[in-house]
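K.L.:
A predicted structure for the sequence below; I have some questions about it.
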Amino acid sequence: MKQFFLFILIIGLPFQDVKLEVYDYDGLEPLLHQKDDKVHVVNFWATWCGPCIKELPYFEAVNEKYKEDQVDVLLVSLDFPSKYETALKPYIKKHQLKSKVVALNDTDQNRWIAAIDENWSGALPATIIYKGDKRQFYEKSFTQEELETEIKQFLKK
């Protein structure tokens, strides 16, 4: 039994260094309306969403490529809290995500889905790109080329 406990302890250690900020909508909302000179790309995703997982490397790529152009990528996970330790944190670690990842844990979907965008059905993936007062919402998955094209619209002065 002692050896089994030690094995479980060692297996759990790799995910301890993954820090995950968890917000309700009121806590997340300021991150969706930052007033600075950056282009903010906010992607709503989950580990159980196939199209989300497919496009996630594109967000990581633009985060790296456009870092010097003041582009900031935020990945908002909608994974269930019961999956943070078993799915979300292991995914972040395994794929070495460099973009900031936070989790949204708010059961009042009727409130926050409409607050994020009045036309959003709640389907994933979904993305907001904004800079200052210019804002665009996308309820779709992206190719890397499509994502870069949209970001470039916000980089133009």
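P.N.:
Received the coordinates, thanks.
K.L.:
max-length helix in this protein?
P.N.:
helix 50-65 (DSSP state H).
K.L.:
against which helices or strands is that one packed?
P.N.:
Here helix 50-65 touches strand 39-45, strand 71-77, helix 144-155, going by 3 or more Cβ pairs under 8 Å, 6 or more residues apart in numbering; DSSP states H and E. From N, CA and C alone the C-beta is placed, and that goes for glycine too.
K.L.:
how about CSV for those, with distance to residue 88 and mean neighbour count added?
P.N.:
Listed next are these as CSV, based on distance: least, Cβ to Cβ, whole Å; neighbours: other Cβ atoms under 10 Å:
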stretch, distance to residue 88, mean neighbour count
strand 39-45, 10, 23
strand 71-77, 6, 22
helix 144-155, 22, 15
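K.L.:
can I get those in TSV including mean pLDDT?
P.N.:
Below are those laid out as TSV (pLDDT from 0 to 100):
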stretch	mean pLDDT
strand 39-45	98
strand 71-77	97
helix 144-155	96
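K.L.:
to residue 51, which of these lies closest?
P.N.:
strand 39-45 (8.8 Å; Cβ to Cβ).
K.L.:
give the partner strands of that closest one in its sheet and their orientations.
P.N.:
strand 71-77 (parallel), strand 126-131 (antiparallel) (DSSP bridges).
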